[in-house]
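S.K.: Sequence first, predicted coordinates after that:
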Amino acid sequence: MTEEEVRCIECGERLPAERAELGYRYCTKRSCQEIHHPGLAITTFGVNKSADQIIVADPDELRRPGRAGEFGRKDTEVGLDYRQPAPPVPRPGPAKVPAQRRAPARRPWTAEQEKIVRLYHEMGLSPSQITARAREYAPRLRITEALVVKIMSVPPRRT
């Protein structure tokens, strides 16, 4: 069959040579297009941390990559830590001497000073307000603003 003899499968009219070369078997009349042309499919894919990806294509063009798994999740069945670097391989070296256990750092304030400062801090007072109140109600503790800041900068004592 030559290009001149290719006819529309719906109405029987002769197809233009260019249309026949592209592989179409129907003409461009509205009635033939409505019957044979499936239209374009608009497909949206959700993408992690990004806007959705939109693809406009013929349904057949979407089926091929879909069957090939191009639209599926890429990291399935890999495990939770697959992106973590491999643990370093230990190299033989000199034997390690166990470290001496250190005593906790000595705090330059008393437990009573810390108790008063933390109590006033929990009441919502600022360091200058804590200092003023401590001078008024507990002058023997000699609490200064610098001491208040130091106490509040470390975690509370475990009892």
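M.R.: All right, it came through fine.

S.K.: got the contact list for the spatially most central residue of the chain?
M.R.: Among the residues of the chain, residue 49 comes closest to the average C-alpha position under CA atoms, centre = their mean, at 6.0 Å. Applying CB atoms under 8 Å, 6 or more residues apart in numbering to residue 49 gives no contacts. In this view, the C-beta of every residue, glycine as well, is placed from N, C-alpha and C.

S.K.: So it: helix, strand or coil?
M.R.: coil (DSSP: H, G, I helix; E, B strand; the rest coil).

S.K.: mind checking pLDDT for it?
M.R.: Turning to residue 49, the model gives it a pLDDT of 71.

S.K.: how does the protein divide into domains?
M.R.: Following automatic domain parsing, one gets these domains for the chain: 3-36, 39-68, 111-152.

S.K.: looking at those, which is buried most?
M.R.: With neighbours defined as mean count of other CB atoms under 10 Å, the domains of the chain peak in mean count at domain 111-152, which reaches a mean of 15.

S.K.: end-to-end on that domain?
M.R.: 13 Å (CA to CA, to the nearest Å).

S.K.: Just give me how far it sits from the chain centre.
M.R.: 43 Å (CA atoms, centre = their mean, to the nearest Å).

S.K.: now swap in stretch 58-66 and tell me
M.R.: 29 Å.

S.K.: Tell me where this protein has strands.
M.R.: 41-45, 53-57 (DSSP state E).

S.K.: JSON lines for these, including distance to residue 158?
M.R.: Below are the strands of the chain laid out as JSON lines (distance: least, CB to CB, whole Å):
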{"stretch": "strand 41-45", "distance to residue 158": "53"}
{"stretch": "strand 53-57", "distance to residue 158": "53"}
